[in-house]
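>>> 3D model of this:
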Amino acid sequence: MLFYITKLPYLPIKTDYSKILPELNSTDALELIDPKTGYLRQQGWGKYPNKWLYNPSMSKAWTWSKQFWNYYYIATDDYLVTMSHADIGMIRVSHINIRNIKNYTAEPFREIVVEDVNKIFVEIDTEKNGQGIYSTVTNEKLNMTFYKRPENNEGRIDISAKALLPTGEGSSGSHSDHGSSDIETEIKGSFRTSFAEYEGIATVSEVPDAFQNCDSLCSTKHVYTHKIQQKFIGNLTLNGKTILDCNETNNCLGLSDSGRGHFPSFAGISSIRWGWTSTIFKTDKHQIMIDLKYSDDNPNSSFDSVFVNGTMYKIDPMVKKQVDQDHWKWTKAENSNRYPNSLRLEFKREHHSFTEFNYYPGFLKHFIPFKVDFYCKFGYYSGELKIGQEQTIKFKNKFGFFEEFYSLG
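You can find the predicted model right below:
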């Protein structure tokens, strides 16, 4: 019997820092899912995920529980560009966002989003033309394709977009209900990407569904995520103006965040949450990337880490605390002294974006709520990073973001 649900609370995340998932750094190919059982063979984290083989089709999971995303973040002193393709089971989304870091109030950010409920514009994991395409969006507003080369440490991104966006600070073309639109925006670009020089942080884990004795609708959650610094070579123009010009001698820093997996979802009861803190920047001597994360699929461990010149260093779990409306800081979790590396981190918000959309699946909209809330705050990080007893790196006002994602459904 179907029943109407008005609203269910998000379940709290209870992290046990006394436990940690094992490191999986085998140089041999590792097939993560057992094709016979549909469950993960191992859980853990690793620096070198190129050998990891994750095939979601082997999982005994409901199609609507499927999750996929490719997210790219390119940062210079003047501009931040983010791009993504995502499939959250019931809807696919693709976006590009261009943000002027130095002159934000004079030049509102430009964002084009395609929300593809019917899954006819956003293609995911397609190899049908033999060119290694693994996700693409094609419609009247946005054409963007991510290619992956066979060696799995290089790729290419092609972008072409044209849309009328609404006026005002923080302009966005993501929805049709913004009213009149009068800023014409044209974006063109192409990049080669490589992370062959860098270590990353990859995690694979699972959480059983609350329902233990039903069919494949109640599958175990499989989550495989991978974050790594990338070198970008190419260019991007906004209305004919070159805003990114990345070449061999002066390449652009960036990162990629990829995820594959299945999340249990049944009658709007299961909820998913995660938080991600990230920044990447250059100092006089170093390239630095900071990656902090919590999520529902990781209740017994932390994968917080920092990267110096492409080398990963684990740090003890960091806990985010809000100081006031525009300031946050991160401190080390209590009773956690596993690693010799440490991070002091503070954040000042100066840019802000908020996205929320609700989606109800077809004729079930009166019975099954599916809601996604996404918050992303942009601003400047300052702090101090210590690597063992030998190296201390101080930084101030480095641009970055943190985000929080909540879904119910």
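>>> tell me the mean pLDDT over stretch 382-395?
In this model, stretch 382-395 has a mean pLDDT of 94.
>>> and it, what's buried?
Applying a neighbour-count criterion of 16 or more other CB atoms under 10 Å, one finds Gly383, Leu385, Lys386, Ile387, Ile393, Phe395 buried in stretch 382-395. (Glycine included, C-beta is placed from N, CA and C.)
>>> I'd like these laid out as JSON lines, including distance to Tyr39 and secondary structure.
Output for the buried residues of stretch 382-395, formatted as JSON lines (distance: CB to CB, whole Å; DSSP: H, G, I helix; E, B strand; the rest coil):
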{"residue": "Gly383", "distance to Tyr39": "40", "secondary structure": "strand"}
{"residue": "Leu385", "distance to Tyr39": "38", "secondary structure": "strand"}
{"residue": "Lys386", "distance to Tyr39": "39", "secondary structure": "strand"}
{"residue": "Ile387", "distance to Tyr39": "37", "secondary structure": "strand"}
{"residue": "Ile393", "distance to Tyr39": "41", "secondary structure": "strand"}
{"residue": "Phe395", "distance to Tyr39": "42", "secondary structure": "strand"}
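>>> quick check: of these, which lies closest to Cys246?
Ranked by distance to Cys246 (CB to CB), those are led by Phe395 at 22.0 Å.
>>> residues in contact with the closest one?
Phe281, Thr283, Ile288, Tyr381, Ser382, Gly383, Glu384, Leu385 (CB atoms under 8 Å, 6 or more residues apart in numbering).
>>> does the last one touch Val306 like I think?
To tie it back to what came earlier, the one meant is Leu385. Yes: between Leu385 and Val306 there is a contact at 5.9 Å, judged by CB atoms under 8 Å.
>>> any shared contact partners between those two?
Common neighbours of Leu385 and Val306 are listed as Ile288, Ile290, Asn341, Leu343 (criterion: CB under 8 Å, 6+ apart).
>>> right, and the third one touches Ile387 too?
Yes: taking contacts as CB under 8 Å, Asn341 lies within contact range of Ile387: 5.3 Å.
>>> okay, and the common contacts of these two?
Residues touching both Asn341 and Ile387 (CB under 8 Å, 6+ apart) are Val306, Tyr313.
>>> coming back round to it: ok, so of the shared contacts of Leu385 and Val306, who is nearest Phe191?
The shortest approach to Phe191 among those belongs to Ile288, at 21.4 Å (CB to CB).
>>> list the contacts for that closest one?
Contacts here follow CB under 8 Å, 6+ apart; on that basis Ile288 touches Thr279, Ile280, Phe281, Lys282, Val306, Phe307, Val308, Leu385, Ile393, Phe395, Lys398.
>>> can you put those in JSON lines and add secondary structure?
Supplementary listing: the contacts of Ile288 in JSON lines, determined by DSSP: H, G, I helix; E, B strand; the rest coil:
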{"residue": "Thr279", "secondary structure": "strand"}
{"residue": "Ile280", "secondary structure": "strand"}
{"residue": "Phe281", "secondary structure": "strand"}
{"residue": "Lys282", "secondary structure": "strand"}
{"residue": "Val306", "secondary structure": "strand"}
{"residue": "Phe307", "secondary structure": "strand"}
{"residue": "Val308", "secondary structure": "strand"}
{"residue": "Leu385", "secondary structure": "strand"}
{"residue": "Ile393", "secondary structure": "strand"}
{"residue": "Phe395", "secondary structure": "strand"}
{"residue": "Lys398", "secondary structure": "strand"}
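>>> pLDDT check: weakest of these?
Checking pLDDT across the contacts of Ile288, the minimum falls on Lys282 at 90.
>>> that residue: neighbour count?
14 (other CB atoms under 10 Å).
>>> what bridges to it?
When bridges are taken as DSSP bridges, the partners of Lys282 come out as Gln287.
>>> helices and strands of this structure: which one bottoms out on pLDDT?
Taking mean pLDDT, DSSP states H and E as the measure, strand 342-359 is the helix or strand of the chain with the lowest mean score, a mean of 73.
>>> any idea how far the residue nearest to the spatial centre of the chain lies from Arg192?
Taking CA atoms, centre = their mean as the criterion, Asp257 is the residue nearest the geometric centre of the chain, at 4.7 Å. Using CB to CB, to the nearest Å, Asp257 is found at 19 Å from Arg192.
>>> tell me the two of the shared contacts of Leu385 and Val306 that are most distant?
With distance counted by CB to CB, no two of the shared contacts of Leu385 and Val306 lie farther apart than Ile288 and Asn341, which are 12.6 Å apart.
>>> now for those two: what residues contact both?
Going by CB under 8 Å, 6+ apart, residues that sit against Ile288 and also against Asn341 are Val306, Leu385.
>>> isn't Asn55 right up against Ile33?
Yes: using CB under 8 Å as the test, Asn55 is close enough to Ile33 to be in contact (6.1 Å).
>>> more neighbours, those two?
A count of neighbours by other CB under 10 Å puts Ile33 above the other of Asn55 and Ile33, at 23 against 11.
>>> beta-bridge partners for that one, please?
What pairs with Ile33, by the bridge criterion (DSSP bridges), is Leu40.
>>> that one against Gln43, yeah?
No: with contact defined as CB under 8 Å, Ile33 does not count as touching Gln43 (11.6 Å).
>>> my read: Tyr380 touches His351, true?
No: distance between Tyr380 and His351: 9.2 Å, which falls outside the contact criterion (CB under 8 Å).
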